[in-house]
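*Asks:* Quick one, fold the following:
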Amino acid sequence: MGKDPMGTLKQLAAMGYVYVEHANYMNRTFYKYPVSDFKKLLDDLGLKMKSGHTVMGKNHWDESKKDFTDAWKYTVEDAAAVGQEYVVSPWLDDSLRKTTDDLKRYMEVFNKCGELCKKSGMKFGYHNHDFEFSQKLDGKLVYDIILENTDPSLVTQQIDIGNMYHAGGIALDIMKQYPGRFESMHVKDEIKSTGGGEMGGGYDSCVLGKGIIPVKEIVDLGRKSGTTLFIIEQESYQGMAPLDSMKKDLEVMAMWGYK
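*Replies:* Next up, the predicted model:
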């Protein structure tokens, strides 16, 4: 996508992908395309971009005004214009989670962002990595603090079933602990890394069904408990071309009954 967004999306559409999720919104563009141009590109290929990743950080909330900055308002506006249903923040800066009180205060901003997105017919969501399952504040996991201090009607959770693994997070347990909170899921499998691993955790993502995550069991539980968006993600390829991996992943999901 960094080198050839149009060509890459064409190949994904030809494989049978219908939905995509972006991870590149900068300066009011998607992959350097103006919003209207990127929407046209998606429309021409028969693709819908229901979700997108843009980190909401400290610079997006003006504490003195108790309001979002223009930069974040534009983010939400452009997400709606391109057809998103979810605006997902995939990170929480460590400056916002120094203490329990710090984190709880920012969870109020999360709730307010849910209200902002709701006005444009969208939902706000948060995507986990690994620290949420290894860092504790006052004896409580960061992830539990996030879930307990966000309004489910305003803030949905996009559970990444692979990122959490090396930090001790078990997706099946978490989904049972918080039923109905995960409308969106990053579907990912993991294998022991021959190097340092993604995020330095000793594991790499791989083709679905080839690793140690019980992926089918997790996606089946998700489907039964309210997950509607299943997003395939693979970031390491074990010698395969990335797009070949994406084709294989889609075939595996289809074999499991997800089309």
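
*Asks:* Can I get the longest helix belonging to the chain as CSV, trimmed to CA atoms?
*Replies:* As assigned by DSSP state H, the longest helix anywhere in the chain is helix 100-119. This file holds the C-alpha atoms of helix 100-119, laid out as CSV (Å, rounded to 0.1, in the frame of the first residue of the first chain):
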residue,chain,number,x,y,z
THR,A,100,-5.1,5.0,37.2
ASP,A,101,-6.5,8.6,37.5
ASP,A,102,-4.6,9.6,34.3
LEU,A,103,-6.1,6.7,32.4
LYS,A,104,-9.6,7.2,33.7
ARG,A,105,-9.5,10.8,32.7
TYR,A,106,-8.6,9.9,29.2
MET,A,107,-11.3,7.3,29.1
GLU,A,108,-13.8,10.2,29.5
VAL,A,109,-12.3,11.6,26.3
PHE,A,110,-12.9,8.2,24.7
ASN,A,111,-16.5,8.4,25.7
LYS,A,112,-16.8,12.0,24.4
CYS,A,113,-15.2,10.8,21.1
GLY,A,114,-18.0,8.2,21.0
GLU,A,115,-20.5,11.0,21.2
LEU,A,116,-18.7,12.9,18.4
CYS,A,117,-18.6,9.9,16.1
LYS,A,118,-22.2,9.1,16.8
LYS,A,119,-23.3,12.5,15.4
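
*Asks:* outside of the helix or strand just after that helix, which residues touch it?
*Replies:* Once helix 100-119 ends, the next helix or strand along the chain (criterion: DSSP states H and E) is strand 123-127. Outside strand 123-127, the residues that touch it by CB atoms under 8 Å, 6 or more residues apart in numbering are 51, 53, 85-92, 110, 113-114, 116-117, 146, 150, 154-158, 160, 183-184, 186. In short, each C-beta sits where N, CA and C put it, glycine included.

*Asks:* Repeat that for stretch 131-138.
*Replies:* 92, 94, 97, 99-100, 103, 141-143, 145-146, 164, 167-169.

*Asks:* That stretch: which residues count as buried?
*Replies:* Neighbour-count burial for stretch 131-138 flags 131-133, 135, 137 (criterion: 16 or more other CB atoms under 10 Å).

*Asks:* do the same with stretch 36-47
*Replies:* 38-39, 41-42, 45, 47.

*Asks:* and residue 259, what pLDDT?
*Replies:* Listed pLDDT for residue 259 reads 82.

*Asks:* What backbone torsions are found at the residue sitting furthest away from the middle of the chain?
*Replies:* In the chain, counting by CA atoms, centre = their mean, residue 64 sits farthest out from the average C-alpha position, at 29.7 Å. Per-residue torsions, residue 64: phi -70, psi -30 (degrees, to the nearest 10).

*Asks:* distance of it from residue 57?
*Replies:* 17 Å (CB to CB, to the nearest Å).

*Asks:* And for residue 209?
*Replies:* Per CB to CB, residue 209 is found 36 Å from residue 57.

*Asks:* same deal with residue 168?
*Replies:* 26 Å.

*Asks:* Same drill for the two, tell me which one is more crowded.
*Replies:* residue 57 (16 against 10; other CB atoms under 10 Å).

*Asks:* pretty sure that one contacts residue 90?
*Replies:* No - Residue 57 is not in contact with residue 90 according to CB atoms under 8 Å; the separation is 11.3 Å.

*Asks:* Fine, thanks again, bye for now.
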